[in-house]
Structures are given as C-alpha cells and as structure tokens.
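1. Turn this into a model:
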Amino acid sequence: QVQLLESGGGLVQAGASLRLSCTASGDTFDYTMGWFRQVPGKRREFVAAISRTAQYTDFADSVKGRFTISRDNPQYTVYLQMNNLKPEDTAVYYCAAHHSGYFAYRNGYDYWGQGTQVTVSS
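-> You can find the predicted model right below:
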C-alpha cells in the first residue's frame, strides 16, 4: 500500500509555470508514476508518466513540449514541471502509482492521490 500526496497547485496567469510535486509514503518507490487531470463533468485524462528508472517517459499530445516529468527516487517524489500554461490546462491534477515500474503506462494505475487544483486565467 502506498499513499500519495500532491502539492504545488495554484492560480496562475496564462504563460506562467508551475511545478507539481507528489511524495509517496510506503516501503518502496518502485512504481511507474503518472500524472492525470480532471475537469468537472469530464473523464480523468492522462497527462504524463515516468518509469521507475526514468528510462521511459510519455506525455499527452496536449502537453508535449510544455510539460516535463521527473523523479527523485531517494526522496520518493515525482515532479510535473508545467510551462507556458494555458487556460485549458485548468483542472485537478492527480498523481498515481502503477505497480509495474517498467514502462511509462497510460492506464492501469493502482494508487491515487487526492489531487491538487491548477487554475490558469486568461
């Protein structure tokens, strides 16, 4: 069992940057870590993922070139650096852990955080 705690959300203007953090608690951090987002009334969507060793990363087309994902394994933390934010990036952002750490998966996640709100004003 692992618990995930996100932080770093907030209200920013279009074009600004934010860095989200997600820290895991538990005995291991040997998971693929992912970020997802959800707008009220819509399905949760994949944003980015990073494999256990950071060998593999994957990004949704909507964020490619603007967002990066990284991880600090000794600190059990994964980051989502969001640059050039747009109003359509407004959502609750969730951190998730996938039991298999080999690839950067887009689905099949086992553990989820509570989410952090990101609001981008135009």
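2. where does Glu88 land in three-state SS?
-> Assigned with DSSP: H, G, I helix; E, B strand; the rest coil, Glu88 falls in the helix class.
3. Now do the contacts for it.
-> 62, 120 (C-beta atoms under 8 Å, 6 or more residues apart in numbering). Heads up, the C-betas are built off the backbone N, CA and C, glycines and all.
4. Could you tell me the model confidence score at it?
-> Looking at Glu88, its pLDDT stands at 97.
5. likewise the one 5 residues further on?
-> What the model reports for Tyr93 is a pLDDT of 98.
6. Dead centre of the chain: give me the residue that sits there.
-> Trp35 (2.4 Å; C-alpha atoms, centre = their mean).
7. can I assume that one sits in a strand?
-> Yes. Judged by three-state DSSP, Trp35 forms part of a strand.
8. confidence score at it?
-> 98.
9. Need the three-state assignment for the residue nearest to it when sequence neighbours are not counted.
-> Using C-beta to C-beta, 6 or more residues apart in numbering and skipping residues adjacent in sequence, the residue nearest Trp35 is Val47, 4.3 Å away. Three-state assignment for Val47 (three-state DSSP): strand.
10. Val47 contacts Asp58, doesn't it?
-> No. The pair Val47 and Asp58 does not pass the contact test of C-beta atoms under 8 Å, sitting 9.6 Å apart.
11. Show me where this protein has its helices.
-> Under the criterion DSSP state H, the chain contains no helices.
12. which stretches of it have low pLDDT?
-> For the chain, no stretch has pLDDT under 70.
13. how long is stretch 102-119 end to end?
-> 32 Å (C-alpha to C-alpha, to the nearest Å).
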